[in-house]
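**Q** what's the 3D shape of this:
(2 chains)
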Amino acid sequence: MIGYGGTILRVNLTDGKLTKEPTPAQLARDFIGGRGFGIYFLFKEVPKGADPLGPENKLIISTGPFSGMMVPGAGKCDWTTKSPLTGGYADASMGGHFTAEMKYAGLDTIILEGASSTPVYLFIDNDKIQLLDASSLWGKGAIDVEVELKHKYGEEYQIAAIGPGGENMVLYACINHDFGRQAGRGGVGAVMGSKKVKAIVIHGTKSVPVADLEGYRKAGMALYKACKDAEGLAEWSRYGTTVVTSWCDEVGALPTRNFSAGSFEQGPGLYGQTMRKEIVITDKGCFGCPSPCGKYSNMKRYNTQVEGPEYETIGMMGSNLGVGDIQAVAEANRLADDLGIDSISAGSCIGWAMECYEKGIFTKADTDGLELKFGNIEAVFAMIRKIAYREGKLGDLLAQGTKRAAQQVGKGTEKFAIQVKGMEQSAYATHNATAMLLAYMTCDVGAHHNRSWAITYDLQVGREKVVPEKVERVIWLQNFRPMFDVMGSCRLQWVELGIDRDLYCPALEAITGVKRTWQDLEAVGNRIWSLSRMYWVRENDGFGRDWDLPSPRFYTEPPKTGVTAGQITRFEDVHKLLDMYYEQRGWDANGIPTQGTLETLNLSALVA
Amino acid sequence: MMSAIIRPLGMLKSYIGDLEETTIEAGIPVREALTTLGINPDLVAGVFVNGEQESKDYILQDGDVVKLLAVIGGG
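**A** Now for the predicted structure:
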């Protein structure tokens, strides 16, 4: 199939059967690839009510038409599953080099089905596909496993692996790749662990047919030239996502002490400039990246190295835990990566537990003797390990995420569990940033930022305003930005370098032979968004408006310190935002897509 | 006059009449310079002085070249 690998690989872990089937042309036409393929297979093939950690659930890994091609940042693949953390739709986008090898092995999608009774790893070298014994790898850290498998097979083989967190089915376990890239959110690593798959090793050398070779060359070169000519290329490349740390602190968006504030008095110790001077060794990019945002850091105090930390980890394991030391945050990052747990959810869970401890709800009897106060980095390191191994009562509790943990503890702790739909909110404080708050409330996986990073729009038009334009912006971003996860390339060249997004369309046409405008692509994004919404509806009795509510902290507890001190979003505005959002989406007043909307989006047959 | 060169990037250029750069007297914090130029400091994600990121409290020195990165190009 033009522009694609052409093959779907099914791996049945229960009986070891490996099956290949051609990628359906209609699937490529309607859902293009990546997370579009993911939600299609999830909705169609995983039975209603499936246990996310049972053999009925599937882990669906998909490339897109840009994956592995001459397109900036074409190193993205998407991991889709029913989330054990939320019980709803989850997909996690992963950078690095895995997706290119997958494409060159001729694979558009790998579907892991069933469950193995013993630890295995999946080995793919073009058409040689095997399930191999992983008993000697089980129990090891994800980074250690990657090192071991690289030594065994060679540098050209790419590896994705889980750590102990995935093995122990921590509900927000992640999948690690390329010594520091993750499919991070929603518990995709726990699903891989439930199937007893420790790792995937992949290598491919096949060529990918394109529709118009000369057009592809020209369009690809135009994209790279736009990146090379971008005014901010040197600055974004030098600091990566950490550029925004100081800005978030200045505008009250830096999560501080479990989101009780948005500015951190020790913030400068975490800023990008501090990190660059103190710990960064070199820059690192993913496949085909002209603007490497990855940073390798050396932590002299601990004699360790890590790729990172990214802004999200700095926010969630730094200021959110009262830690103002970038070297300590980097070490926490390394531990989370190697043990295989999502640093965003882990930071939020530990922050929630610290608040419980400081309020006297937890005592040392609950924490195995840990002085679990904000700022105690040794306690943070200890809790990361306890969570990954589900060690002790608190480790096991926090391994379930803040929503479940707060439900079990009670005593009002639900009010400061910072989550939506069971997923912990990533690193933007939203006490008074209504577009970003709405983005978190309505995100298709839970409180994640990457679909609609609308906080900049709050600053642009007035953060407290509750106006239709903000809702339009959030919806536009939700339809548009995830299309990069569909096509298999990174969005940061558009976000950071500001290249003209229309440059992508000729590349897509030259690769696939199908002409699409951004209007066409956003229509696909809209279809995927509403299908993922219907997945939540199908899997959760009583799903509706209440599931979209944010943490009460953002409408009941104004920060006492920082630039947002005294500021808050009114509860009636929370509902006003939802009213406008549902109306603009074509959903009913309870947030369910109407029949008319499903018909317009050509989804009626699929969801029937 | 001791002065620094200010180079807003992307849409921030619109605040200085779509020019590539302007000069401003040194000796004041970047934040004050932004206000003087009519640029809302909250819309500036990064301040880069001679290639290195600095805070908006940085005091401009004679001959500094300051690049300003916008936050609102993304979203």
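**Q** only C-alpha atoms for contact and neighbour calcs from this point on.
**A** OK.
**Q** Read off the pLDDT value for the residue in the stretch 401-550 of chain A that chain B sits nearest to.
**A** As assessed by C-alpha to the nearest C-alpha, chain B sits closest to A:Val495 within the stretch 401-550 of chain A, at 4.2 Å. A:Val495 is assigned 84 on the pLDDT scale.
**Q** count of residues packed around it?
**A** By other C-alpha atoms under 10 Å in any protein chain shown, the residues close to A:Val495 number 17.
**Q** hmm, which helix or strand of chain A has the shakiest average pLDDT?
**A** Scoring the helices and strands of chain A by mean pLDDT, DSSP states H and E places helix A:492-495 at the bottom, with a mean of 88.
**Q** CA atoms only for that one, dumped as CSV, please.
**A** Provided in CSV are the C-alpha atoms of helix A:492-495 (Å, rounded to 0.1, in the frame of the first residue of the first chain):
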residue,chain,number,x,y,z
LEU,A,492,6.9,20.5,18.3
GLN,A,493,8.2,21.9,14.9
TRP,A,494,4.9,23.6,14.6
VAL,A,495,4.5,24.5,18.3
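**Q** State the next helix or strand along the chain beyond that helix.
**A** Stepping forward along the backbone from helix A:492-495, the first helix or strand reached (DSSP states H and E) is helix A:504-512.
**Q** Distance from that next one to the middle of the chain?
**A** Distance of helix A:504-512 from its chain centroid, counting by C-alpha atoms, centre = their mean, to the nearest Å, is 26 Å.
**Q** Which secondary structure elements does it sit against?
**A** Where contact means 3 or more C-alpha pairs under 8 Å, 6 or more residues apart in numbering or on different chains; DSSP states H and E, helix A:504-512 is packed against helix A:213-229.
**Q** can you list contacts of the helix it packs on?
**A** Helix A:213-229 has contacts (C-alpha atoms under 8 Å, 6 or more residues apart in numbering or on different chains) with A:70-72, A:210, A:233, A:290-291, A:493, A:497, A:499-500, A:503-504, A:506-507, A:510-511.
**Q** average pLDDT for that helix?
**A** 98.
**Q** what's the answer for stretch A:528-540, then?
**A** Mean predicted confidence for stretch A:528-540 is 98.
**Q** Stretch A:178-190 now?
**A** If you average the pLDDT over stretch A:178-190, you get 97.
**Q** so how far does that stretch reach from one end to the other?
**A** In stretch A:178-190, first residue to last residue: 19 Å (C-alpha to C-alpha, to the nearest Å).
**Q** ok, now stretch A:255-265?
**A** End-to-end distance of stretch A:255-265: 12 Å, with C-alpha to C-alpha as the criterion.
**Q** Correct me if wrong: A:Tyr457 contacts A:Ala435.
**A** Yes - in terms of C-alpha atoms under 8 Å, A:Tyr457 counts as a neighbour of A:Ala435; the distance is 7.2 Å.
**Q** Disregarding flanking residues, what is the spatial nearest neighbour of A:Val480?
**A** Slight slip there: residue A:480 is Phe, not Val. A:Glu522 (5.3 Å; C-alpha to C-alpha, 6 or more residues apart in numbering or on different chains).
**Q** same for the helix or strand harbouring that neighbour, what does it pack against?
**A** Mapping A:Glu522 onto the secondary structure by DSSP H and E places it in helix A:518-539. Identification of packing neighbours for helix A:518-539 by 3+ C-alpha pairs under 8 Å, 6+ apart yields helix A:25-31, helix A:34-45, strand A:89-94, helix A:468-480, helix A:483-487.
**Q** Most tightly packed of those?
**A** helix A:483-487 (a mean of 28; mean count of other C-alpha atoms under 10 Å in any protein chain shown).
**Q** What helices and strands are in contact with that one?
**A** Helices and strands touching helix A:483-487, by 3+ C-alpha pairs under 8 Å, 6+ apart, are helix A:34-45, strand A:77-82, helix A:518-539.
**Q** Buried ones in the shortest one, by neighbour count?
**A** This points to strand A:77-82. By 16 or more other C-alpha atoms under 10 Å in any protein chain shown, the buried positions in strand A:77-82 come out as A:77-82.
**Q** same thing with the longest one?
**A** Taking 16+ other C-alpha under 10 Å as the basis for neighbour counts, the residues of helix A:518-539 that come out buried are A:521-539.
**Q** At which residues are the helices of chain B located?
**A** Secondary structure of chain B, counting by DSSP state H: helices at B:30-37.
**Q** pLDDT averaged over the helix or strand hosting A:Asp108 - what is it?
**A** Using DSSP H and E, the element containing A:Asp108 is strand A:107-113. Summarised as a single mean, pLDDT over strand A:107-113 is 98.
**Q** Neighbouring strands - and their directions - for that strand?
**A** Next to strand A:107-113 in the sheet, as set by DSSP bridges, lie strand A:7-12 (parallel), strand A:59-62 (antiparallel).
**Q** Can you tell me which of the ones you listed is nearest to A:Ile32?
**A** strand A:59-62 (10.6 Å; C-alpha to C-alpha).
**Q** Flag every residue of chain A that's near chain B.
**A** A:231-232, A:235, A:243-244, A:246-247, A:250-251, A:272-273, A:452-457, A:459-460, A:477, A:494-496, A:498 (C-alpha under 8 Å from any C-alpha of the partner chain).
**Q** Could I have the buried ones of those as PyMOL selection syntax?
**A** Buried subset of the residues of chain A next to chain B, written as a PyMOL selection, criterion 16+ other C-alpha under 10 Å:
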select buried, chain A and resi 231+232+235+243+244+246+247+250+251+272+273+452+453+454+455+456+457+459+477+494+495+496+498
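**Q** quick revisit: overlap in contacts, A:Tyr457 and A:Ala435.
**A** Listed contacts common to A:Tyr457 and A:Ala435 are A:463, A:470; contacts here mean C-alpha under 8 Å, 6+ apart.
**Q** Point me to the residue of the stretch 101-250 of chain A nearest chain B.
**A** In the stretch 101-250 of chain A, the residue that lies nearest chain B is A:Trp247 (5.3 Å; C-alpha to the nearest C-alpha).
**Q** That residue: what's it in contact with?
**A** Here A:Trp247 is in contact with B:42, B:44-46 (C-alpha under 8 Å, 6+ apart).
**Q** just those residues now: which is nearest A:Asp396?
**A** Closest to A:Asp396, out of all of the contacts of A:Trp247 and judged by C-alpha to C-alpha, is B:Ala45, at 39.1 Å.
**Q** got the contact list for A:Cys248?
**A** A:Cys248 sits next to A:254, A:262-263, A:428 when contact means C-alpha under 8 Å, 6+ apart.
**Q** Farthest-apart pair in those residues, please.
**A** A:Ser263 and A:Tyr428 (10.7 Å).
**Q** got any residues that touch both of those two?
**A** By C-alpha under 8 Å, 6+ apart, the residues touching both A:Ser263 and A:Tyr428 are A:248, A:253-255.
**Q** Just give the nearest non-adjacent residue to A:Gly240, would you?
**A** For A:Gly240, the spatially nearest residue (C-alpha to C-alpha, 6+ apart) is A:Cys293, at 3.9 Å.
**Q** Pretty sure the one you found sits against A:Gly272.
**A** No - the pair A:Cys293 / A:Gly272 is not scored as a contact, 11.8 Å apart, by C-alpha under 8 Å.
**Q** Now list whatever residues contact both of the two.
**A** Listed as contacting both A:Cys293 and A:Gly272 by C-alpha under 8 Å, 6+ apart are A:Tyr239.
**Q** ok, back up a step: distance to B:Tyr58 added to the buried residues of strand A:77-82, as CSV?
**A** What follows is those, written out as CSV (distance: C-alpha to C-alpha, whole Å):
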residue, distance to B:Tyr58
A:Cys77, 41
A:Asp78, 42
A:Trp79, 43
A:Thr80, 45
A:Thr81, 47
A:Lys82, 48
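**Q** can you pull the contacts of A:Asn479?
**A** Contacts of A:Asn479 by C-alpha under 8 Å, 6+ apart are A:522-526, A:529.
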